[in-house]
Every structure is written in C-alpha cells, then in structure tokens.
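1. Pasting the sequence and the predicted coordinates here, then a few questions.
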Amino acid sequence: MGQLLKARWSPTFIDRLPRRERRGCDYESYIPDLLADQEFQFAGTVSADIADAESAIRVLNTEARTLAGLEGLARLLLRAEAVASSKIEGLQIGGRRLLHAEVAREFDGGPRDVTAQEVLGNIDAMAGAIDRADSVGAIEPTHLLEVHRKLVAGTRLERHGGSFRDEQNWIGGGDYSPCDAEYVPPPADQVPGLVEDLCAFCGQDDLPAVAQAAIAHAQFETIHPFVDGNGRTGRALIHMVLRRRGLIPRVLPPVSLVLATLSREYIKRLMATRYVGDASEAVARNGWNDWLGFFAAASSRAVNDARFFEDRIGGLKSEWRERLGRVRRGSATDLLIEALPGAPVVTAKSAATLIHRSFVAANEAIGHLVAAGILRQIQIGKRNRAFEATEVIDAFNDLERQLASPEGDPEVSPPTRPVPAPLTVTSQGSAV
C-alpha cells in the first residue's frame, strides 16, 4: 500500500544556515507499494499504445541498416540520449562540444571541460548498463550501483558513487531542508529493500517490455536511491530492461530526447504514480495508466525520429561516395565512411582503431576525405590535431532541434529546451 510517513526535520549546523532555513518542520516522505507481486491492469487504449510502441521499436531493430550496432550510428544516438538525459537535470551541453571533449580523452590530461566530462560519464554509464543487460540474466542492485559509480566518476559526486544514500533527500524546495519540498522519497533505511523488490520486478517477463521499462523507471525515480544522479541512472535502467527483454538488440531509440522535451509533463505523469492507498484503487490504476500511455507515446516518437535520422545519414554517406568517385570496397576510406556517423570527430589514431587498419592507412583515408570536403581539420587543445565531419554534426544538431520541438518540427513549434544552433563554417574553415 502506497503511504506517507510523517517525520520531523531538525536542522543541524544552525549557525551556518540562512535565517529562513533555521526552522524545523514536519514533513511526509512517500513509501511506494512493492512491485514484484503487484498485478497491473491497463486500460484498453493504453494497451494499444504499448503494443504500438513495441511494434515500432521491434521494426526499427529489424529493418535499420545505418543504425546497426552500438559502434555505428547508434553510438551517436546513445550520445544524444545521454546528453538529453543530462539536460533534464540541468547539464546543458551541445553535441559538438561533447564530441570534442570525447576526443580530448585521447590526449594527455584529457578534457578540461568539467561539464563535458560529467556528461561523458553519463554516456559511459549508459553504454555499460546496456552491455551489462546483454550479459546477465537479471538486473541486480549491484548492477545499478555500478552504473551510478561510472556515472559520477571524476565529478564532484565521486565520493557518493556506487552507494545508496544514507540520508533523507528531497526534490524541489530549499537546499537545506525538506520543509517546502515538492516530493520527499522514502527514508534511507527503506532504500535497500525497495531496490531489491524493483530488481525482482525487472527480472519478470509477464508484462510487455515497454510497460515493464516504464514502471521500473517510475519506481526507481520514486525511490530516488542515490544522493544525486538518480534521473540519469533511472533512464539508463529503461534501456537495461528493454535490452534484457530482447526488444533493442541493435538500435537504441532516444527516449530521453523526447522526455527532455516534455519535461513538465514527464514530471507530472511520474507524480501521478505516487498514489496513497491500495494498488487496486482507481486512483492508483489511473495514475499508472496515465504514465504508461505517456511513456509509450514518447517511445513511438523516439523511433520515428531515429528512422528520420537514419535516412538522412544514409543519404549523406551516398553523397560522400559520389564526391569521392570510385572507392574500393573494404579499403580504409570505405571503412571510414561507414564509421564516421558514429564518431564524427576523429584523430588518425582513433580512426585507425575505429576501422581496424594501420595508422598510415587511416591517415591516408583521412587525407582523401579532407580533400573531398567530408572532413575538415580542427584543433583540440593547443597542439592536438583532429578532424570533424561537420555534416554529421549538422544532422545531429537538426535531430536535437527536431526532438526538442513538441510537434517534431522546430519551424512549427519552437524547441522547449536549449538546443544547438545550426553550425556554420567561415571561409577560413573555423566553426561558428
């Protein structure tokens, strides 16, 4: 039974707090129902929405060619998903800036961009979570702890990484107390048991995969088991569930890009699942149905936009081949054309690794692509040389603008969140 637990907040370090934060207060934390033994009843329209979303995801994974595998263009979509996931929580960063920071990892000292480094941690955590779901038969609390540890590695939250919280947290309101919070999760001593139950639920196969992923994500956000990084870990859990259920073996639909666009509605629908009372009551069923319908619609739209992106990148690669003329199949140039959409900023070293060819062969292929205007030379840091496929980044930015529009068209409905501006290049070859 979902219930509210009353508690008293007594501030500590009173002398160091602003005057308005020195007061104590009574507050209520929410303890959700357990999931593992709960029976869910879906409204007819919601069942249809879930079925449509699953069908769309399945077709995308069956028919997609350009978006094949996490090492191809799907890696770029994974990056977009992770960036959008971070944007929900306020980490604003453009794709081009992130791509440059990712390449900077190759050089001594790595990226100096702290925000980019945190989002890169998000990408590593999400990729690791998806790979983990491929190799294990169940999702365990230790897997979630590992995702979180990777997520916050190298950031100000690193000391909290891979550990469930041991204190009360809250969402909204003041920084020092839950007195004016919009939502207060369960007390810390409830977290381990709730996470165990959540993982048991994630191991079941009786619900449609999309419904299971949506319910698991909502419950995770309700528990809020970490000091910080809950939203990003919870959105990685969506893909862990979908991958474990075999729904996304090849292509990751960028669901978080849609959720980031509809963030107010996203939060509203999540809150609707936090009912007080028995799970069989109408308010509980309605709350879950509202959330599930919203999540299914977001998933379907993510698939549509992923297919649009695939078509554009496929056309771009055809244009590149026309510019180059005859390209020998299996040559370093041929392989690099195929690899660039998933890694549009490369060095000679990273390109060699990417296409499994020698440094000399990769460097020669880069030269061909530079001559054809497919790559342009840029500088990472003070002395490091890299090469950028500007047209891919333009397409990536267009995808973000499209997904940031509630209607899917930024010319019809403006983006509801910050998005990259169209990239232009000056006559001197610098990006602005």
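-> All right, it came through fine. Residues are numbered from 1 along each chain as shown.
2. now the strands for the stretch 301-432 of the chain?
-> Assigned by DSSP state E, counting those that start in this stretch, the strands in the stretch 301-432 of the chain fall at 345-346, 376-380, 384-388.
3. who touches the first one?
-> When contacts are defined by C-beta atoms under 8 Å, 6 or more residues apart in numbering, strand 345-346 is touched by residues 99-100, 102-103, 336, 340, 354, 366, 375, 378, 386-389, 393. Heads up, the C-betas are built off the backbone N, CA and C, glycines and all.
4. That strand - what's its average pLDDT?
-> Computed over strand 345-346, the mean pLDDT rounds to 91.
5. Ok, the second one next?
-> Per-region confidence: strand 376-380 scores 90 on mean pLDDT.
6. Likewise for the last one?
-> The average of the pLDDT scores along strand 384-388 is 90.
7. how much does that strand deviate in direction from strand 376-380?
-> 140 degrees (axes from the mean of the first three to the mean of the last three C-alpha atoms, to 10 degrees).
8. which other helices and strands contact strand 384-388?
-> helix 95-104, strand 345-346, helix 359-371, strand 376-380 (3 or more C-beta pairs under 8 Å, 6 or more residues apart in numbering; DSSP states H and E).
9. can you list the residues that contact that strand?
-> Applying C-beta under 8 Å, 6+ apart, the set of residues contacting strand 384-388 is 99-100, 103-104, 107, 344-347, 351, 366, 369-370, 375-380, 431.
10. so residue 173 sits in a helix?
-> No: assigned with DSSP: H, G, I helix; E, B strand; the rest coil, residue 173 falls outside any helix and is coil.
11. List phi and psi for it.
-> When read as degrees, to the nearest 10, the backbone of residue 173 gives phi 80, psi -150.
12. now it: how far from residue 183?
-> Distance of residue 173 to residue 183, given as C-beta to C-beta, to the nearest Å: 9 Å.
13. So residue 306 sits against residue 254, correct?
-> Yes: counting by C-beta atoms under 8 Å, residue 306 touches residue 254, with 6.3 Å between them.
14. who has more neighbours, those two?
-> Neighbour count, other C-beta atoms under 10 Å: between residue 306 and residue 254, residue 254 has more, with 30 against 27.
15. surely that one meets residue 302?
-> Yes: proximity of residue 254 to residue 302 meets the contact threshold set by C-beta under 8 Å, at 5.1 Å.
16. what residue ranges in the stretch 201-350 of the chain score low on pLDDT?
-> Along the stretch 201-350 of the chain, the model assigns pLDDT under 70 to no residue.
17. repeat for the stretch 1-150 of the chain
-> Residues of the stretch 1-150 of the chain meeting the criterion pLDDT under 70: 13-20, 66-92, 108-111, 133-136.
18. quick one: the helices in it?
-> Assigned by DSSP state H, counting those that start in this stretch, the stretch 1-150 of the chain shows helices spanning 44-63, 73-88, 95-104, 114-135, 141-152.
19. any chance of those in TSV, with distance to residue 260 and mean neighbour count too?
-> Formatted as TSV, these follow (distance: least, C-beta to C-beta, whole Å; neighbours: other C-beta atoms under 10 Å):
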stretch	distance to residue 260	mean neighbour count
helix 44-63	18	17
helix 73-88	4	25
helix 95-104	13	21
helix 114-135	13	20
helix 141-152	17	21
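20. Quick one: closest of the ones you listed to residue 269.
-> Closest approach to residue 269 among those is made by helix 44-63 (12.0 Å; C-beta to C-beta).
21. Run through the neighbouring helices and strands of that closest one.
-> helix 209-223, helix 282-324.
22. ok and that helix relative to helix 282-324, angle-wise?
-> 20 degrees.
23. what residues does helix 44-63 touch?
-> 42, 67, 208-211, 242, 247-251, 253, 289, 292-293, 296-297, 299-300, 303-304, 306-307.
24. rerun at 6 Å
-> The contact list for helix 44-63, computed with C-beta atoms under 6 Å, 6 or more residues apart in numbering, reads 208, 210-211, 247-251, 253, 289, 292-293, 296, 299-300, 303.
25. from the residues you listed, which would you call buried?
-> By neighbour count, with 16 or more other C-beta atoms under 10 Å, the contacts of helix 44-63 hold 208, 210-211, 247-248, 251, 253, 289, 292-293, 296, 299-300, 303 as buried.
26. and residue 395, how many neighbours?
-> Using other C-beta under 10 Å, the number of residues around residue 395 comes to 20.
27. Does it touch residue 314 like I think?
-> No: using C-beta atoms under 6 Å as the test, residue 395 is too far from residue 314 to be in contact (10.7 Å).
28. wait, what's in contact with residue 140?
-> Residue 140 neighbours (C-beta under 6 Å, 6+ apart): residue 199.
29. nope, residue 401 is what I was after
-> So residue 401 contacts 410, 415, 419 (C-beta under 6 Å, 6+ apart).
30. before we move on, what SS does residue 155 have?
-> Quick answer, by three-state DSSP: residue 155 is coil.
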